[in-house]
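Colleague: Build the 3D model from these lines:
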Amino acid sequence: MLFGILSYSLLAQATQTITYGEIKNYSVDTEAPDDPLNGTPGSTYTWSIFNDTPADITGTTMTITNQAGSTSGNRVTIDWGTTPVGTYTLHVVETNNNCTGTEKFINVIIEDATPGMPDLTGSSDICSTESAFFDITNAPANSTITFTVIGGTAVVASPITVGGDGNATIEVTHDGISGQIVVTLTEMTLENGTSVDIDPDVMATTNVTIIETSDITFD
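Modeller: Numbering: from 1, shown residues only. Presented below is the predicted three-dimensional model:
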């Protein structure tokens, strides 16, 4: 949409976080009174990408194509391709009747597509009447982790969701028989819905002391 007075502001700049190699859609001027397919009648839209130098790197490690039905460029798809992990700015400028509109832009943060694997630490030795606690640390924030238990039962069944700090605790009650409780982390689902196999599995063990005193005998 065009306005008679142009201004340039860095306030309220939005930020998008994506993973390496993702393909994302971007658009402007898709709501009334603009045409949802082509934006403002008579306008064309030019998109560009800058790194943190800042240098214009448009079309080097990514491709920008118009979405179906958009001839003006108000709706594009960007294949971020081999653009390295880092912070970038995505810009769009609207032109109409030899006039240039206010440039709009957002930050785009590209993260490593391979998330870090969580760590798991078990309790020190416990008595058979006690619960064992297994601490998950360094997991991707707000991810959901699938786990298995041998030698006991998890108080809260698998899977478990970690907090924004990447931490969570699995409490396990002993089965009354086994000399060990073993917890294994096998898979995690990231906050964006991506499933990641934990390979190799992450495992922790707590030893259990079982005391079985015989009945009293007497004569």
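Colleague: going forward, measure contacts between C-alpha atoms and count neighbours the same way
Modeller: Noted.
Colleague: so what does the longest strand along the chain touch, helix or strand wise?
Modeller: The longest strand of the chain (DSSP state E) is strand 195-209. Contact analysis of strand 195-209 by 3 or more Cα pairs under 8 Å, 6 or more residues apart in numbering; DSSP states H and E lists strand 119-121, strand 126-127, strand 180-189 as its packing neighbours.
Colleague: Comparing those strands, which stretch has the densest surroundings?
Modeller: strand 180-189 (a mean of 21; mean count of other Cα atoms under 10 Å).
Colleague: quick one: strands adjacent to it?
Modeller: The strands that strand 180-189 pairs with in its sheet are strand 144-150 (antiparallel), strand 195-209 (antiparallel) (by DSSP bridges).
Colleague: closest to residue 107 out of the helices and strands packed on strand 195-209?
Modeller: strand 180-189 (25.4 Å; Cα to Cα).
Colleague: Would you mind writing the CA trace of the closest one as CSV?
Modeller: The C-alpha coordinates for strand 180-189 follow below in CSV (Å, rounded to 0.1, in the frame of the first residue of the first chain):
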residue,chain,number,x,y,z
GLN,A,180,19.2,-51.1,38.5
ILE,A,181,16.9,-48.5,37.0
VAL,A,182,17.9,-47.6,33.4
VAL,A,183,16.4,-44.6,31.6
THR,A,184,17.1,-44.2,27.9
LEU,A,185,16.2,-41.1,25.7
THR,A,186,15.4,-42.3,22.2
GLU,A,187,13.8,-39.4,20.2
MET,A,188,12.8,-35.8,20.5
THR,A,189,10.3,-33.5,18.8
